[in-house]
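# fold the following.
(chains A and B)
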Amino acid sequence: MQGDARGAPLSPVPKDTQARGVTLRARGLTRTYGSGEIEVRALRGIDLELATGELVVLLGPSGSGKSTLLNILGGLDTATSGEAWFLDHDLTRASDRDLTRYRREHVGFVFQFYNLIPSLTALENVALVTEIAVDPMTPATALGLVGLGDRLHHFPAQLSGGEQQRVAIARAIAKKPSILLCDEPTGALDSRTGILVLEAIETIHRELGTTTVLITHNAVIADMADRVIVLGDGLIQQTRRNERRRAASELSW
Amino acid sequence: MRALDRKLLRDLWRLRSQVLAIGMVIASGVGLLVMSLTSIEALQDTATAYYERYRFASVFARVERAPQHVADRLAAIDGVQAVTTRVVRNAVLDVAGFGEPVIGQLVSVPERGEPALNALALRQGRYPRAGSPDEAVLSEPFAQAHGLALGDHLQAVLNGRWRRLTVVGVALSPEYVYTIGPGALMPDDRRFGVLWMGAEALQAAFDLEGAFNDVSLGLLRGTDPEAVVDRVDRVLARYGSVGAYARDDQLSNWFLMNEITQLKTMARLLPTVFLAVAAFLTNMVLARLVAVERSEIGLLKAFGYRGRVIAWHYVKLVLVIGAVGIVLGWFVGYWLGLYNTMTYAEFYKFPFLLYRPGPGPFAVAALASLAAALLGTIRAVREAAALPPAQAMQPPLPPLFRRGRLARYSPARWLDQPTRIVLRQVGRWPLRSFVASAGIGLAIAVLISSMQWLDAIGHIEDVYFLQAQRQDVSVGFAQVRTADAARGLARLPGVMATEPIRAVAAKLRVGPHMEREAVQGVPARQRLYRVYDASGRTVDLPPGGLVLSTMLAQLLDVGPGDTVTVEVLEGRRPVLEVPVAGVFETYIGSPAYMEIGALNRLLREPPSVTGVHVRVDPREREAFFRELKAVPQVSAVTLRDAAIETFRATMARTLLIFVSFFVVFSCALAFGVTYNTARIALSERGRELATLRVLGFTRAEISYILVGETGVLTLAALPLGIASGYALARALVVGLQTELFRVPFVIAPDTYGWALLVGIGATAASVLLVRRRLDRLDLIAVLKTRE
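Predicted coordinates:
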């Protein structure tokens, strides 16, 4: 990534390579914060492959390293050692500029606390991202996908928590990202609203085939994944594949 | 140390750059106030001590010739403690190596012992010895300007005869703190000096044996000088007195007091503006600082801290910030005050300088600043402390934004989202935005009003010296001469044109108002020294009646058509009723003019002059000066070029320095406002900006939002600054008017330009500083924390 990316912009990923193969790959990934006595080893060696179009749920208690892993995969943080690859781009050796471009062109983020811009309407919050994306859908289409076609001109303060989170999802996917990363997207919501949000994520995944990683500590949610990865103590403790994915609407907690 | 105090220290450390920026603003207000107040104090203390130690007289009078015994009658006046009679005359001097004529004021000192009044502060040497008519003590600035030392010689024309004088002493005198020659506006120590000589020598030289032409009186404490002036006038009227006057009207003291008055006005106006701006800013910044602390305040309350304890905690924070500014301002102010006083000492000559500022100015400045800072804080703290803890700990509800009406119009649709964020942010809190803009605007305004001085001075130079005056040299005579004298001058080499002037010492009375002002008779149409209205037209004098400067008309409370009683103070001393024929505006002094023929007729005298304005061929200047030195009765010579040069040099040494202080302070102010605005914008917008970074916005793109907001506020501040700068300059010009000097209200376009540039520059600098913090935004924390 370093060599070519500085000059030419990252090219959009061709559709045919998206069809199958590996979108994200990590080898021996470690992340250490601080040093000496106060050294915290958040990741102690992660090997991972995310297949294109896969929906993966990362489970684990707090402090297990799942957010650190997500941050490195999303280009928000850099690994201490090991490798992380997005297609053929090396994320561990990318510069800050390259990572910014990576996030801008290929990653969609959904956060626990929505992080909408309060001074922009739902439509404008989505437009914020589409304006800088390469081949985005229109903001209205994105909002339609999450079922908010009738709330385009509402400001965040005029929307419920679930609606705000769905705006955040629309904002994340409007650029047609290669990867959608969701960090506790239902963490701040009650179960009924949480399920609405998960349904939106499910719809996006189905319609766009976006590789999706979803962090949660709610084991029930794991049932909607293709694959469940359980993290503990900075290591992958367990990986299991769901025989049958349950629809978000069937979940309850 | 208690936990709360430890929190205080950490908070202060965390906010250190903001603390410093606010401190700078407070410091500029405090510094200016301290500077002005201490300079005033120093000048007043020094003058008082000087006057007392060297027995500066309280009443002065000049006569043509009075016999010595008249002094006894003056001494008998109630309240008079001491009387000193003297001979005082102006004479042309010739100093080796200086071609132009020099005017010396010759002042007699007693043959033996020190004068009872107006003693000399001898810097070197001694008083002239009894019976040594060629010994002279020189005024120090004059000696320095010509490099004259003890034992050196110079020539003087005493009653038409060249005399060689020997320098035996160098001195300063309380009478000549501000030494200006006849007809001059500013001290020019190369062309005018004071020489003290033995009484007998001067009496003999000017035919005043057993007589005097100048008298000074010392008064008992508590005596009203005006009452004494009236009595003195009655005694001296028949000896050709042009009127006694009290210390207030003594030329040197009048200039000095004028300066102090001007300084006082300055001290009242400018630091007030700075302090007000500082208060305003402190208020704004601290209120928002405390608002950010809202959840911590809720937490403290939840722990059981009482409202008062919490309030005190924040008050301490503000006190520390205020103290930083105040102490900084004290040092700056002390130093500038000393510097300022020393600059004054270049023009006002004292043998010593008392710069011992008392605690007063420091206390005043500190109290004013602290009060302003606290006022800003207390409201915000009370608002935070009044909330129930549970509510305070919650973040405030997200503000409800609205789509502006403009957003529905089609051009608004082209705006990109970042621009929209900026505009909505500004529009959502119009008052807060206005306050920030007003702060920047005021900084610009202060800048305009200080730089306006330079424009005004340039304008005065242009109007007063370049447009109004076309003569090269003005010559004054010791006594009234017939018009032949003017014709005599016209025959000197190189003279291309002459124009007579007849100045008559007079008291002008209208009802209860009285002003001592010479009436100047000049031709109806002046070619050389023109009666020039500030609006740029020459004033033609009507065949009868007075044409007054607006200042004099104001002082006498008259207008065209009114009548002024003119008490002439020379010759047969007629009292005349003269109508006012017109008024005109001038920046300097408060002159009164009349057509010279009409004035001569009114005085029932043949065509007479007291001076002549001359235009000289530049190639024959030296020859002209050589011959001029031999012309009898010359008591004043002023060169226009030299006057302009002195004016420029003086302004450069005083005003330019003064203005540069204000420019520096204004920059500090502008920077203080913009830096804090940008920092607050960052702290409020940090989360949004980090979110945008996560979404793939580059640093440049999020900087745009931060810069945009501060930029919009600055943009709005520019017209605000121009408008308030205009108003402030106007107020200052009116406030600083004195009898001597009116500052014209002129603002050059480039002054606006520079002020705006400084405002924009300060914004750019602070935004750049704050922008560096964007690089350190914690992107991950933002995902994990609630607002």
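# name the SS class of the closest residue to chain B within the stretch 51-200 of chain A, please.
Nearest residue of the stretch 51-200 of chain A to chain B: residue A:104, at 2.7 Å (CB to the nearest CB). Where you see a C-beta, it was placed from the backbone N, CA and C, and this is true even at glycine. Using DSSP: H, G, I helix; E, B strand; the rest coil, the structure places residue A:104 in helix.
# ok, whichever residue of the stretch 551-700 of chain B sits closest to chain A - how many residues close by?
Residue nearest to chain A within the stretch 551-700 of chain B (CB to the nearest CB): residue B:696, separated by 2.7 Å. Per other CB atoms under 10 Å in any protein chain shown, the neighbour tally for residue B:696 reads 24.
# per-residue confidence at it?
At residue B:696, the predicted lDDT confidence score is 87.
# now do it against residue A:95, distance only.
According to CB to CB, to the nearest Å, residue B:696 stands 15 Å off from residue A:95.
# residue B:658: neighbour count?
Neighbours of residue B:658 (other CB under 10 Å): 18.
# could I get the buried residue list for the host helix or strand of it?
Remark: residue B:658 resides in helix B:655-694, with elements defined by DSSP states H and E. For helix B:655-694, burial by neighbour count (16 or more other CB atoms under 10 Å in any protein chain shown) applies to B:658-659, B:661-663, B:665-683, B:685-694.
# tell me the first helix or strand C-terminal of it.
helix B:699-735.
# before we move on, the earlier item: distance between the helix holding residue B:658 and the chain's centre?
On the basis of CA atoms, centre = their mean, to the nearest Å, helix B:655-694 sits 30 Å off its chain's mean C-alpha point.
# kindly report the same for stretch B:220-235.
Its chain's C-alpha centre and that of stretch B:220-235 lie 32 Å apart, by CA atoms, centre = their mean.
# list the contacts of it.
B:58-59, B:61, B:70, B:73-74, B:77-81, B:215, B:217, B:219, B:241, B:243-248 (CB atoms under 8 Å, 6 or more residues apart in numbering or on different chains).
# what strand or helix carries the residue positioned nearest the centre of chain A?
Nearest residue to the geometric centre of chain A (CA atoms, centre = their mean): residue A:181, 0.4 Å. Using DSSP H and E, residue A:181 sits within strand A:179-183.
# also residue B:509?
Judged by DSSP H and E, residue B:509 forms part of strand B:506-510.
# if you count neighbours, what's buried in that strand?
Residues of strand B:506-510 classed as buried: B:506-508, B:510 (neighbour count, 16+ other CB under 10 Å).
# parallel or antiparallel, list what pairs with it.
strand B:513-516 (antiparallel), strand B:563-568 (antiparallel) (DSSP bridges).
# mind putting the ones you listed into JSON lines with mean neighbour count?
JSON lines is the format used below for these (neighbours: other CB atoms under 10 Å in any protein chain shown):
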{"stretch": "strand B:513-516", "mean neighbour count": "15"}
{"stretch": "strand B:563-568", "mean neighbour count": "19"}
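# lowest mean pLDDT across those strands, which one is that?
The bottom spot among these, by mean pLDDT, belongs to strand B:513-516, with a mean of 89.
# keeping just the C-alphas, turn it into PDB.
This file holds the C-alpha atoms of strand B:513-516, laid out as PDB (Å, rounded to 0.1, in the frame of the first residue of the first chain):
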ATOM      1  CA  HIS B 513     -15.000  84.900  29.800                       C
ATOM      2  CA  MET B 514     -11.500  86.200  29.500                       C
ATOM      3  CA  GLU B 515      -8.700  84.900  27.300                       C
ATOM      4  CA  ARG B 516      -5.200  86.200  27.000                       C
END
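# centre of the chain versus it, how much separation?
25 Å.
# check which element follows the lowest-mean-pLDDT helix or strand in chain B along the chain.
The weakest-scoring helix or strand in chain B, judged by mean pLDDT, DSSP states H and E, is helix B:410-413 (a mean of 62). Helices and strands here follow DSSP H and E; after helix B:410-413, the next one along the chain is helix B:417-428.
# give me the buried positions along that next one.
B:417-418, B:420-426, B:428.
# and stretch B:226-236, by the same measure?
Buried, per 16+ other CB under 10 Å, within stretch B:226-236: B:228-229, B:231-233, B:235-236.
# and the helices in chain A?
A:2-7, A:15-19, A:66-73, A:96-106, A:122-130, A:139-145, A:161-173, A:191-208 (DSSP state H).
# just the C-alphas of the fourth one, formatted as PDB.
It stands for helix A:96-106. Taking C-alpha atoms only, helix A:96-106 is exported to PDB below (Å, rounded to 0.1, in the frame of the first residue of the first chain):
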ATOM      1  CA  ASP A  96      -1.400   8.200   8.500                       C
ATOM      2  CA  ARG A  97      -2.400   9.600   5.200                       C
ATOM      3  CA  ASP A  98      -2.800   6.200   3.700                       C
ATOM      4  CA  LEU A  99      -5.000   5.000   6.600                       C
ATOM      5  CA  THR A 100      -7.200   8.100   6.200                       C
ATOM      6  CA  ARG A 101      -7.700   7.200   2.500                       C
ATOM      7  CA  TYR A 102      -8.400   3.600   3.400                       C
ATOM      8  CA  ARG A 103     -11.100   4.600   5.900                       C
ATOM      9  CA  ARG A 104     -12.500   7.100   3.400                       C
ATOM     10  CA  GLU A 105     -12.800   4.700   0.500                       C
ATOM     11  CA  HIS A 106     -13.300   1.300   2.000                       C
END
